[in-house]
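S.K.: could you look at this predicted model? Sequence included:
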Amino acid sequence: MSKEQSAMSDSPLVIDCRQVTRTYSEGPEKLTIFSDISLEVAPGETVAIVGSSGAGKTTLLNLLGGLDKPSSGQISICGKEIHRLSEGGRARFRNRHLGFVYQFHHLLPEFTALENVMMPCVLGGLPVADARKKADVLLGRVGLAERLAHKPGELSGGERQRVAIARALVNEPDCVLMDEPTGNLDEHTGEGVRSLIESLRDQFGIAFVMVTHDMKMARSLGRVLRLEQGRLIQEV
């Protein structure tokens, strides 16, 4: 085993999800979205979660990101039980350790691509000049060096998603959570985003957990899990 492989094997799990259940109350009834789900994600690993609409994929992603709380079970991110943190503590932890990419990019329309990517750094307390440098470099790496001053409305769908990916990566997170990142893109543009994710994963050692209906993308990137009838099942 190489030194690099040994270091990877000794690294703590990026995500350690143990026997997680999520239920909602609807009047006197309880609706169970999923129960007793466990999931481990190692540094630099890509995991795709697939399943039918309404299976609970986005709910699971929100739990992993600390945006929602499990009804029972434990979720640790980089060794920290995130749901034991205060609301403010979770927000700070997310900003440092997690990135988020959604089907709809959620870029701020009044700001340029550069300003959108800078935002997490500035909110985290990094000086504006340093945030600008980091955002500039990262937008270059995702192929948008010539589009820094463009606002979202002046960018194509694929370009906006690349800005969103750069924003998710700018704080050098341990894991990026992605909810249908190519759902609104044509096949060619979606393939470009897939290649970009693969390249950035290999370049930075970031883990990616992706909810997707795109089975071609899911199978090409790494481990595929199907959320079905409240259970996570390994795809063959």
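M.R.: Received, thanks.
S.K.: any idea which helix or strand carries the residue minimising distance to the centre of the chain?
M.R.: Closest residue to the average C-alpha location of the chain: Leu177 at 1.3 Å, with Cα atoms, centre = their mean. Counting by DSSP states H and E, the element that carries Leu177 is strand 175-179.
S.K.: quick one on the thing from earlier: distance of the residue nearest to the centre of the chain relative to Lys133?
M.R.: Counting by Cβ to Cβ, to the nearest Å, the separation of Leu177 from Lys133 is 26 Å. The way it works is simple: take the backbone N, C-alpha and C, and place the C-beta from them, glycine included.
S.K.: and if you look at Gly89?
M.R.: Remark: distance between Gly89 and Lys133 (Cβ to Cβ) = 28 Å.
S.K.: got the contact list for the strand or helix carrying Leu63?
M.R.: Per DSSP H and E, Leu63 falls inside helix 57-64. Helix 57-64 is contacted by residues 15, 17, 20, 22, 33-34, 37, 39, 49-51, 68-70, 75, 77, 177, 179, 209, 211, 227 when judged by Cβ atoms under 8 Å, 6 or more residues apart in numbering.
S.K.: tell me the mean pLDDT for that helix?
M.R.: Taken as a whole, helix 57-64 has a mean pLDDT of 89.
S.K.: now the helices: where do they sit in the chain?
M.R.: Under the criterion DSSP state H, the chain contains helices at 3-10, 57-64, 87-97, 113-123, 128-141, 157-169, 187-204, 215-221.
S.K.: winner for burial among those?
M.R.: Highest mean neighbour count among the helices of the chain (mean count of other Cβ atoms under 10 Å): helix 157-169, with a mean of 24.
S.K.: helices or strands next to it in the packing?
M.R.: Applying 3 or more Cβ pairs under 8 Å, 6 or more residues apart in numbering; DSSP states H and E, one finds that helix 157-169 contacts strand 98-102, helix 113-123, helix 128-141, strand 175-179, helix 187-204.
S.K.: what's the angle from the first one to helix 187-204?
M.R.: For strand 98-102 and helix 187-204, the angle between their directions (axes from the mean of the first three to the mean of the last three Cα atoms, to 10 degrees) works out to 180 degrees.
S.K.: if we can go back for a sec, adding distance to Leu85, write the helices and strands packed on helix 157-169 out as CSV.
M.R.: Shown next, in CSV, are the helices and strands packed on helix 157-169 (distance: least, Cβ to Cβ, whole Å):
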stretch, distance to Leu85
strand 98-102, 13
helix 113-123, 17
helix 128-141, 24
strand 175-179, 16
helix 187-204, 25
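S.K.: go through the ones you listed and name the closest to Gly56.
M.R.: strand 175-179 (12.4 Å; Cβ to Cβ).
S.K.: what strands flank that closest one, and is each parallel or antiparallel?
M.R.: strand 98-102 (parallel), strand 207-211 (parallel) (DSSP bridges).
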